[in-house]
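In: need a structure here:
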Amino acid sequence: IKVDTISENTSANGVAVDGVTLKDGAVGATAASTITTADNSDTLSLISTDADANAGPILRLFRNSASPADDDLTGTIDFEWRNDNSQDVVGFQISNFCRDVSDGAEENIALFHNMFNGTLTEFLRVDSQSDQSVVTFNELSNDIDFRVESNGQTHMIHVDAGSDHVNIAGGGTDGGGVLNVFSADNT
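Out: Predicted coordinates:
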């Protein structure tokens with residue numbers, strides 16, 4: 001719809017078009033919305049021009065449930081693309097669950113999934129529980145290695161998931177034991 005001029009005041013709530021409200025420079029929608037561009041320009045920009053030291057801009061994902069319950073999925077961010085068979089693929093996903101919604105005892109869990117051998121697989125879990133708050137890599141026991149690189153070593157710390165070995169300063173070498181610590185020359 002194109003509106004060149006509005007000659008009369010439509011209402012105190014702005015102009016409403018099929019569930020979309022435009023008022024005082026803000027847009028409100030009550031249905032799912034899609035923004036599409038045909039180039040590589042920014043599809044959506046959130047810009048704050050406030051000069052104070054507070055946070056901004058803020059992207060808010062708000063699950064406004066009238067009946068919140070433990071383990072509700074509160075939000076998901078999907079990074080989606082097409083494979084060579086023209087199928088839509090979620091290549092990376094961040095999901096958030098409210099583990100406990102009890103007032104004063106709220107707890108949360110966030111999951112990070114990555115596409116691995118054709119399956120969206122959990123790689124990282126951030127879990128806050130009163131008895132065990134943890135950050136876990138490879139919670140579901142997949143063959144996913146963990147590697148920390150230093151300035152001079154590509155595998156300063158390397159957890160080899162397939163062989164259940166931890167190698168420190170091995171440079172990619174597996175010492176064969178459960179815990180292997182190498183000297184500076186990888187011996």
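In: Next, name the residue at the spatial heart of the protein.
Out: residue 94 (3.0 Å; C-alpha atoms, centre = their mean).
In: and the closest residue to that residue other than its chain neighbours, what does it touch?
Out: Using C-beta to C-beta, 6 or more residues apart in numbering and skipping residues adjacent in sequence, the residue nearest residue 94 is residue 77, 4.6 Å away. Heads up, the C-betas are built off the backbone N, CA and C, glycines and all. Counting by C-beta atoms under 8 Å, 6 or more residues apart in numbering, residue 77 touches 61, 93-94.
In: Put together TSV for those, with pLDDT, secondary structure and distance to residue 110 on each row.
Out: TSV is the format used below for the contacts of residue 77 (pLDDT from 0 to 100; DSSP: H, G, I helix; E, B strand; the rest coil; distance: C-beta to C-beta, whole Å):
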residue	pLDDT	secondary structure	distance to residue 110
61	91	coil	12
93	98	strand	11
94	97	strand	7
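In: Redo these as CSV? Include distance to residue 37.
Out: As requested, the contacts of residue 77 are exported to CSV (distance: C-beta to C-beta, whole Å):
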residue, distance to residue 37
61, 22
93, 23
94, 23
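In: of those residues, closest to residue 118?
Out: residue 93 (14.6 Å; C-beta to C-beta).
In: so what's the closest one up against?
Out: So residue 93 contacts 76-79, 111-113, 120 (C-beta under 8 Å, 6+ apart).
In: try 7 Å
Out: For residue 93, the contact set (C-beta atoms under 7 Å, 6 or more residues apart in numbering) comprises 76-78, 113, 120.
In: Leaving out chain neighbours, which residue sits closest to residue 72?
Out: Using C-beta to C-beta, 6+ apart, the closest residue to residue 72 is residue 98 (5.3 Å).
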